[in-house]
Each structure stands twice: as structure tokens, then as C-alpha cells.
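K.L.:
Got a sequence here, can you model it:
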Amino acid sequence: MFVVLLFIPFLPESPMFLHVQGRYEECEQVLERMIRWNQKKPMAGSVVTDSQNLQEISNKINPWQSVKILYSRKYVVVTLLLMGIWFVNSFCYYGVVVMTPQFFKTGTSLSGYIESFITSAAELPGVIVAIFMINSAGRKKTQGFLFLFCGIFLFLLCIPTGTWLLTVFAVGARMCVMGAFSTTYVFTSEVFPTVVRSTGMGVCSSTSRIAGIITSFVAVGQVSIKPWVSLVVYAVLCIVGAAFTFAVPVETNGKRFDNEDKQLSIK
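P.N.:
Presented below is the predicted three-dimensional model:
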């Protein structure tokens with residue numbers, strides 16, 4: 001954690017945020033650095049904005065105003081759906097992580113440690129799948145189908161089978177739930193407008209923390225009594241997460257920011 005903190009001074013601020021704040025020189029510096037790193041043509045002109053619109057946006061940056069915007073008629077449905085998605089993500093991800101090793105205590109073909117390592121390593125392919133699908137299939141389809149497949153794998157884990165097949169199903173579940181969780185971070189940050197993005201992410205993240213606390217009672221307490229009950233709970237929630245995802249009335253893939261975000265204009 002300390003090592004991560006050392007890199008914060010070198011992390012550039014969001015150009016969109018700097019633009020909304022009226023910090024144009026810093027905004028241009030970040031954009032020029034991005035252009036230089038990506039070996040693109042130099043930016044012609046300077047960043048400008050409509051001063052009246054900037055003032056309107058600045059007035060919304062108050063924390064209480066941000067909360068009011070999140071739960072206003074325009075955004076309340078999206079906010080609640082995203083909160084539900086984050087709840088399902090955290091509940092299912094940490095539940096599967098905690099529950100999976102307990103299924104291999106009676107394994108015979110491989111040691112429990114090796115099988116746990118295999119299922120844990122499956123998270124990396126999940127992230128890779130999300131990276132490749134997120135721009136081609138879109139955010140909603142990627143997240144929704146990963147939720148669905150995770151639910152299917154969890155249902156399959158309820159079926160009595162051999163250790164190797166159990167490992168395959170567990171690997172599939174870990175891969176899909178990790179891919180869905182990774183996509184959620186991208187999707188959520190793009191759905192909320194810039195002026196309330198940090199507040200929206202904070203609300204959703206808080207919801208996921210609550211889910212992380214609750215899931216331990218299902219993953220640890222219930223699985224020791226009736227494992228299939230825990231699996232069904234997580235599988236059903238994954239399907240609910242998919243339904244929430246497809247219900248979000250926004251697909252951000254390939255879309256520009258809305259007017260409230262104040263698109264950068266070059267003069």
C-alpha cells in the first residue's frame with residue numbers, strides 16, 4: 001500500500017475535471033503529455049469553454065448537490081441499478097473467493113492448495129476477456145453475459161461430480177465474476193457525468209462494502225451446513241446482476257460525454 005502511495009504524485013489529473021474546474025493551463029499540460037506519450041500530432045489552439053455554462057457546472061460541485069443530482073429524477077434509476085450491480089459484484093466475488101477452497105477439502109486427484117491456486121489464477125483470464133470484449137461487444141453486454149455465465153457455472157457446481165470437473169466449474173465462476181467486476185469499474189465511471197462521478201463511485205463502492213460484510217455469513221456459515229444453498233444464492237444473484245446490467249438505459253461504449261460533462265473544445 002505504501003508503494004502505491006509513492007506513485008500518486010506522478011498520476012495526472014483528469015483533463016475533464018481540470019476543465020470543469022477552470023484550470024485550463026493544467027488541463028492543456030495533461031493533454032499535451034497524453035499526446036506526447038501516444039505519439040500523436042500536437043494540439044492546435046487552446047482549451048476554452050463557455051463561462052456561463054462553466055459557472056452552472058461549478059455550482060453543482062457542492063457535495064450535497066452531487067447527492068441530489070444522483071437521486072434526481074434523471075439519474076435515480078441509473079444510480080439504483082448501479083448500486084445493485086456493485087452489491088451483486090462484491091457479494092458474489094468475495095463469496096466465491098471464500099467459498100471455493102472449501103469445496104476442495106475432500107478432493108482426491110489434486111491437493112486443495114493446487115486446486116485453490118488454479119481457481120485463483122483464473123481471475124487473470126477473466127480480466128483479459130473483459131479487456132478484449134469491453135470495446136467490441138460493449139460494456140453492458142460484456143458485464144451482463146459474464147454475470148450470466150458465472151451464474152451458470154455456480155449452478156453446475158451444485159451437481160455432484162468429479163474433482164477435475166468441479167475445478168473447471170470453479171475456474172469458470174472465478175473468471176467470469178472477476179471479469180464482471182472489472183467491467184463494472186469502467187462502466188460506472190462512464191455512466192455518471194463528471195460533476196458527480198466521484199460521488200457516484202463513492203456511493204456504489206460503499207454499497208459493495210456492505211455486500212462484502214454480508215456475504216461472509218453465506219459463504220462461511222451456510223456452506224458448512226448445506227453447500228448447495230450457498231451456490232444457488234450466488235447463482236441467482238448473478239442472474240439478478242445480469243438483469244440489472246441490461247436494465248441500465250445507457251451504453252457508454254463509443255459514446256461521447258453528455259453536455260453536462262462539458263466536452264473539451266479546441267479553438
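K.L.:
how does the protein divide up, domain by domain?
P.N.:
With domains defined by automatic domain parsing, the chain comprises 11-62+258-266, 69-247.
K.L.:
Indicate which one of those is closest to residue 2.
P.N.:
Closest approach to residue 2 among the domains of the chain (Cβ to Cβ): domain 11-62+258-266, 15.5 Å. To be clear about C-beta, it is placed using only N, CA and C from the backbone, and glycine gets the same treatment.
K.L.:
So which elements touch the helix or strand hosting residue 201?
P.N.:
In this structure, residue 201 sits in helix 194-216 according to DSSP states H and E. Contact here means 3 or more Cβ pairs under 8 Å, 6 or more residues apart in numbering; DSSP states H and E; on that basis helix 194-216 packs against helix 15-20, helix 63-70, helix 76-99, helix 163-191.
K.L.:
got these as CSV, with distance to residue 133 columns?
P.N.:
Output for the helices and strands packed on helix 194-216, formatted as CSV (distance: least, Cβ to Cβ, whole Å):
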stretch, distance to residue 133
helix 15-20, 25
helix 63-70, 28
helix 76-99, 16
helix 163-191, 8
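K.L.:
Among the ones you listed, which comes closest to residue 229?
P.N.:
In terms of Cβ to Cβ, the element of the helices and strands packed on helix 194-216 nearest to residue 229 is helix 76-99, at 11.3 Å.
K.L.:
Okay, buried residues for that closest one please.
P.N.:
Using 16 or more other Cβ atoms under 10 Å as the test for burial, helix 76-99 gives 78-79, 81-99.
K.L.:
other SSEs contacting whichever strand or helix holds residue 232?
P.N.:
Using DSSP H and E, residue 232 sits in helix 227-247. If contacts are counted by 3+ Cβ pairs under 8 Å, 6+ apart, helix 227-247 sits against helix 76-99, helix 139-156.
K.L.:
Give me the contacts around that helix.
P.N.:
Residues outside helix 227-247 that contact it (Cβ atoms under 8 Å, 6 or more residues apart in numbering): 81, 84-85, 88-89, 91-92, 95-96, 99, 102-103, 140, 143-145, 147-148, 150-152, 154-155, 157-158, 177, 180, 218-219, 222-223.
K.L.:
what do you get if the cut-off is 7 Å, keeping everything else the same?
P.N.:
81, 84-85, 88-89, 91-92, 95-96, 99, 140, 143-144, 147-148, 150-151, 154-155, 157-158, 218-219, 222-223 (Cβ atoms under 7 Å, 6 or more residues apart in numbering).
K.L.:
And it, what's buried?
P.N.:
Within helix 227-247, judged by 16+ other Cβ under 10 Å, the buried ones are 230-235, 237-245.
K.L.:
ok, back up a step: list the buried residues for the helix holding residue 201?
P.N.:
194-201, 203-204, 207-208, 211-212, 215.
K.L.:
Please apply the same query to stretch 148-166.
P.N.:
Buried, per 16+ other Cβ under 10 Å, within stretch 148-166: 148-157, 163, 166.
K.L.:
So in this structure, where's the weakest helix or strand by average pLDDT?
P.N.:
Ranking every helix and strand in the chain by mean pLDDT, DSSP states H and E puts strand 265-266 at the bottom, with a mean of 34.
K.L.:
Of the buried residues of helix 194-216, which is the nearest to residue 10?
P.N.:
Distance to residue 10, by Cβ to Cβ, is smallest for residue 198 among those, at 20.3 Å.
K.L.:
do you know how far the nearest residue to that closest one once chain neighbours are set aside is from residue 192?
P.N.:
For residue 198, ignoring the flanking residues on the chain, the nearest one in space by Cβ to Cβ, 6 or more residues apart in numbering is residue 66 at 7.9 Å. According to Cβ to Cβ, to the nearest Å, residue 66 and residue 192 sit 10 Å apart.
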